[in-house]
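>>> predicted model and sequence below, questions to follow.
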Amino acid sequence: DAGVIQSPRHEVTEMGQEVTLRCKPISGHDYLFWYRQTMMRGLELLIYFNNNVPIDDSGMPEDRFSAKMPNASFSTLKIQPSEPRDSAVYFCASSPHPSGRDHEQYFGPGTRLTVT
Amino acid sequence: GESVGLHLPTLSVQEGDNSIINCAYSNSASDYFIWYKQESGKGPQFIIDIRSNMDKRQGQRVTVLLNKTVKHLSLQIAATQPGDSAVYFCAEMAGSGGGADGLTFGKGTHLIIQP
C-alpha cells in the first residue's frame, strides 16, 4: 500500500484566497483525521470522520475551515478565505476499525501551507 | 518534557547510549497512549503504544513506561543510532473502549544523536 497520500505537498497562496487540501486514506481504513501542526501549538486535531461521516469537528478553528469526505477514498480540507495565521503543516491520518493494534493512526507526509 | 513556546525540549545523547524521553499527560481519563517519531519533513510515525492496564511494554530497542499515579509516560530507546534523531511525541486518547478518537499530542522532544 502507498500509505496516506496528501496533495499538494506545498502550497503558497495570498491572503483571502481559497485553499483546498486533499487526502487519500489507506484503503480499508474507516477513520480519517485532519491535524494541523505549528511550532507554537504543536499537533492539533481539527476534525475526524468515521465511515465518511464527520464525528468531531470541535477542533476546527472557525467557519473559514470546512472538511468533507464524499467517499471512503477521498477527503478535502478547505480554507476560505485564507489568512496568514493559517500557515502550518496540515496532516491527514487514517486508522483501521479498532482491532489488533487498535488505534494506530497512519499519517500522510503533510501539506505545508504558507499564506502571505 | 513540555514545550515552552517556540523551543522544543532537546535531548542530546551519544550514539550507542540509551535515551529516555519523558512526557506528562493531563487527562486522567486517558486510557491509551502512543509514542510517535517525526523526522524532518515527514509525518509522525508510530513507534509503540500502551494501554492504561499496563505499566510497561517493550518493542524492538524501545520500551514505554506508564505511571498512572503521576500521569507520566516515558520512552526508552536502547543503543541509540543516528537514525533515531527526530522529534518524539507522546499522544493520549480517552475513552477508547468503543472506537477510535482523535489523539491529543504533547509538544514533543527533539532527540539529537551525537556521533
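Okay, I see it. Numbers count the residues shown, from 1 in each chain, chains lettered A, B, ... in the order given.
>>> touching, residue A:4 and residue A:92? I think so.
Yes - in this structure, residue A:4 is within contact of residue A:92 by C-beta atoms under 8 Å, at 5.7 Å. C-betas here are computed from N, CA, C, even on glycine.
>>> between these two, which one's more packed in?
Neighbour count, other C-beta atoms under 10 Å in any protein chain shown: between residue A:4 and residue A:92, residue A:92 has more, with 29 against 23.
>>> among the helices and strands of chain B, which one scores worst on average pLDDT?
Taking mean pLDDT, DSSP states H and E as the measure, chain B has strand B:104-105 as its least confident helix or strand, at a mean of 86.
>>> give me the contacts around it.
For strand B:104-105, the surrounding residues in contact (C-beta atoms under 8 Å, 6 or more residues apart in numbering or on different chains) are A:42-45, B:25, B:27, B:30, B:36, B:89-93.
>>> direction included, what does it pair up with?
strand B:86-94 (antiparallel) (DSSP bridges).
>>> show residues contacting the strand it pairs with.
With C-beta under 8 Å, 6+ apart as the test, strand B:86-94 has contacts from A:42-43, A:103, B:8, B:21, B:23, B:25, B:27, B:29-40, B:44, B:47, B:73, B:75, B:101-111.
>>> just the buried members of those residues?
Among those, those scoring as buried are A:42-43, A:103, B:8, B:21, B:23, B:25, B:30-38, B:44, B:47, B:73, B:75, B:101-111 (criterion: 16 or more other C-beta atoms under 10 Å in any protein chain shown).
>>> could you list which of the residues you listed belong to helices?
Among the buried ones among the contacts of strand B:86-94, none falls in helices (DSSP state H).
>>> so what's the closest residue in space to residue A:7 that isn't next to it in sequence bridging to?
Distances taken as C-beta to C-beta, 6 or more residues apart in numbering or on different chains place residue A:22 nearest to residue A:7, at 4.8 Å, with adjacent residues excluded. Note on residue A:22: beta-bridge partners by DSSP bridges are residue A:7, residue A:76.
>>> wait, doesn't residue A:31 sit right on residue A:94?
Yes - look at residue A:31 against residue A:94 with C-beta under 8 Å: they come within range, at 6.2 Å.
>>> out of those two, which sits in the busier spot?
Shown here are residue A:31 and residue A:94; by other C-beta under 10 Å, residue A:94 has more neighbours (26 against 22).
>>> where does chain A have low pLDDT?
A:1, A:97-103 (pLDDT under 70).
>>> if I look at the residue nearest the centre of it, how far off is residue A:4?
For chain A, residue A:34 is the residue whose C-alpha lies nearest the centre (C-alpha atoms, centre = their mean; 2.9 Å). Counting by C-beta to C-beta, to the nearest Å, the gap from residue A:34 to residue A:4 is 11 Å.
>>> residue A:113 now?
Using C-beta to C-beta, one gets 17 Å for the distance from residue A:113 to residue A:4.
>>> swap in residue B:79?
Distance, residue B:79 to residue A:4, using C-beta to C-beta: 30 Å.
>>> next one: residue A:65
20 Å.
>>> before we move on, what about residue B:10?
Here the criterion is C-beta to C-beta. By it, residue B:10 lies 29 Å from residue A:4.
>>> residues in chain A within reach of chain B, list them.
Taking C-beta under 8 Å from any C-beta of the partner chain, the part of chain A that reaches chain B is made up of A:4, A:30-31, A:33, A:39-40, A:42-45, A:48, A:50, A:56, A:59, A:91, A:93, A:95, A:97-98, A:101-110.
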